[in-house]
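Novice: model this:
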Amino acid sequence: MTPDDQITAILRQGRPPVRDTTFEAAVMRQIAGRVLRQSLQAALLSSAAGGLVLWAAAPALVRVLEPLANSLFSGVAVLAATLSVLVAVGNVGLRAEILARNV
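Specialist: Predicted coordinates:
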């Protein structure tokens, strides 16, 4: 056996095994399904727990948040009106700037 044949034999022994892509895809699909189910269960449990906490705390939250909401109502209305005017004027101003550049 020549040195080249010996090197070839050694390298052939180290070849990776043949891959079965169908099997790998099936295993990955099962793993992805398991991860999805676990994340959905965690989301369901956390949202149910959060809902129960908010339901239990609702009377206290109403006493705190209702006066705050009443006092902030006028400020929020002014802010919404200001933002709508800025959006409308901003689009008009942008168009005017584009027309001025073209002149």
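
Novice: distance check, Ala48 against Glu24.
Specialist: Distance of Ala48 to Glu24, given as C-beta to C-beta, to the nearest Å: 36 Å. C-beta here means a position set from N, CA and C on the backbone, and glycine is covered the same way.

Novice: ditto for Pro3
Specialist: From Pro3 to Glu24 the distance is 37 Å (C-beta to C-beta).

Novice: between the two, tell me which one has more neighbours.
Specialist: Each of Pro3 and Glu24 has its neighbours counted (other C-beta atoms under 10 Å); Glu24 has more, 10 against 7.

Novice: for that one, what are its contacts?
Specialist: For Glu24, the contact set (C-beta atoms under 8 Å, 6 or more residues apart in numbering) is empty.

Novice: host element of it?
Specialist: In the assignment (DSSP states H and E), Glu24 maps to helix 21-102.

Novice: quick check: mean pLDDT of that helix?
Specialist: Per-region confidence: helix 21-102 scores 87 on mean pLDDT.

Novice: do the same with stretch 11-18
Specialist: 71.

Novice: span of that stretch from start to end?
Specialist: Start and end residues of stretch 11-18 are separated by 15 Å (C-alpha to C-alpha, to the nearest Å).

Novice: make 44 the starting number, not 1.
Specialist: Got it, the first residue is 44 from now on, which makes the last one we talked about stretch 54-61.
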